[in-house]
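S.K.: can't give you the sequence, but here's the structure:
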């Protein structure tokens, strides 16, 4: 056999220079394509390990992931709200029924249905029994207050023995006496400590760059309103984002955000998106170091705004009467379009990156909320500007709390 092969070799030598280089080139291209495919697959963003999923319903495929953030809003004409609009804790500007918003009573007739799993409304009585002797702190901006009020009103409807009581630094707080369940809201816009800053007559790094005034933000120091709360609360839910992308609140020219670390100006100065990552890193470290043993920590993703025709101070409005269609959602929120409401997905990119390796569970409410352009207060109550950022109560934040409590139960189930 060997002699037969060698006998044919002289006749093939003239073809080798043409055939082998071509074969080598094709082989190289094939290997490169395979390696590139493997690299692309392995580096593709995946759901963070701390972003919880619902337990699968009985009889479903256990290998199939059930993503509660992927679903649709279903209209249920027989649905009723968890509480009445007369709940006194509802901020006047968010009370769309009392403010005569045309679709105020229709908002709660829409139910979020995730694909492949169910999200039943939480049972307030069962919740109070399950979380007896528990303190829950909402730490963040006014959107977290929106959520805090929704949960309070849901519980108040089934348990009237309530005492106003505020833990250190809290803006609002209540204890349900029969169950010793405390809810508190700690207001903080940036999570980090910040305040007015003016140039020093003796000069400094910022003064030498021409800064005369602005807001000093200490990226490594938590705001006083919540710094001491970690030793008290058993469950914490954080949020931040709106104030980081808010040129109307922090004018980049006349009143910029000026960032400090270890007591010194960050030099060279950084933009808010870079400082946002710095704050998240430091705040996560602070929380994980100071939190009570066994405490449950969640971070809520960004609540979307729905301004159309301009921002809040440019005549923007939100007059929709029904949830958006999927294509309308993409038109309004796609990063490619870079529109007025792009903030939500930008913030989430930073959140997922910073929280992925932390011990904080992610509560993803963004996509399901993107559909609900109809659920903001808008001009209800005679506002000077349309409010297309906060949410009507009763309303969509009731669904946020269904998600929140489902995740709490999921954590307790997994840790036992």
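M.R.: Thanks, I have the structure now. Keep in mind that what you see is a predicted model, and the values were worked out from it rather than measured.
S.K.: got the contact list for the closest residue to residue 239 other than its chain neighbours?
M.R.: Excluding the flanking residues, the one nearest residue 239 by Cβ to Cβ, 6 or more residues apart in numbering is residue 140, at 3.5 Å. From N, CA and C alone the C-beta is placed, and that goes for glycine too. Residues near residue 140 by Cβ atoms under 8 Å, 6 or more residues apart in numbering: 186-188, 191, 237-240, 300.
S.K.: mind giving me TSV with the residues you listed and columns for secondary structure and neighbour count?
M.R.: As requested, the contacts of residue 140 are arranged in TSV below (DSSP: H, G, I helix; E, B strand; the rest coil; neighbours: other Cβ atoms under 10 Å):
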residue	secondary structure	neighbour count
186	strand	29
187	strand	18
188	coil	25
191	coil	29
237	strand	26
238	strand	25
239	coil	25
240	coil	26
300	strand	24
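S.K.: among those, which two are most distant?
M.R.: Spanning the widest gap among the contacts of residue 140 are 187 and 300, at 14.9 Å by Cβ to Cβ.
S.K.: my guess is residue 107 meets residue 395, correct?
M.R.: Yes. Using Cβ atoms under 8 Å, residue 107 makes contact with residue 395 at a distance of 4.8 Å.
S.K.: Would you mind telling me which of those two has more residues around it?
M.R.: residue 395 (26 against 23; other Cβ atoms under 10 Å).
S.K.: so what's that one up against?
M.R.: 94, 96, 107-108, 150, 375.
S.K.: for those residues, which one is nearest residue 196?
M.R.: residue 94 (28.9 Å).
S.K.: As a check, name the ranges of all strands in the protein.
M.R.: 71-75, 110-114, 135-140, 162-164, 172-176, 181-187, 192-198, 213-222, 235-238, 257-261, 264-265, 296-300, 361-363 (DSSP state E).
S.K.: which stretch among these comes nearest residue 84?
M.R.: Of the strands of the chain, nearest to residue 84 by Cβ to Cβ is strand 162-164, at 15.5 Å.
S.K.: Direction included, what does the closest one pair against?
M.R.: strand 172-176 (antiparallel) (DSSP bridges).
S.K.: between the strand it pairs with and strand 181-187, how many degrees?
M.R.: Counting by axes from the mean of the first three to the mean of the last three Cα atoms, to 10 degrees, strand 172-176 lies at 180 degrees to strand 181-187.
S.K.: Residues contacting strand 172-176, please?
M.R.: 89, 128, 145, 148, 152, 155, 159, 161-167, 181-185.
S.K.: Is it possible to mark the buried ones in those residues?
M.R.: Neighbour-count burial (16 or more other Cβ atoms under 10 Å) applied to the contacts of strand 172-176 gives 89, 128, 145, 148, 152, 155, 162, 167, 181-185.
S.K.: Which one of these is nearest to residue 331?
M.R.: Closest to residue 331, out of all of the buried ones among the contacts of strand 172-176 and judged by Cβ to Cβ, is residue 145, at 29.7 Å.
S.K.: Now that closest one. Nearest residue, chain neighbours left out?
M.R.: residue 185 (5.1 Å).
S.K.: Could you tell me how many residues sit around residue 279?
M.R.: Counted with other Cβ under 10 Å, residues neighbouring residue 279 total 26.
S.K.: quick one: low-confidence parts of the chain?
M.R.: In the predicted model, the chain carries pLDDT under 70 at residues 1-66, 247-248, 413-416.
S.K.: Let me see the contact set for the closest residue to residue 129 other than its chain neighbours.
M.R.: In space, and not counting its chain neighbours, residue 129 is closest to residue 179: 7.1 Å by Cβ to Cβ, 6+ apart. Contacts for residue 179 were tallied using Cβ under 8 Å, 6+ apart; they are 128-129, 131-133, 159.
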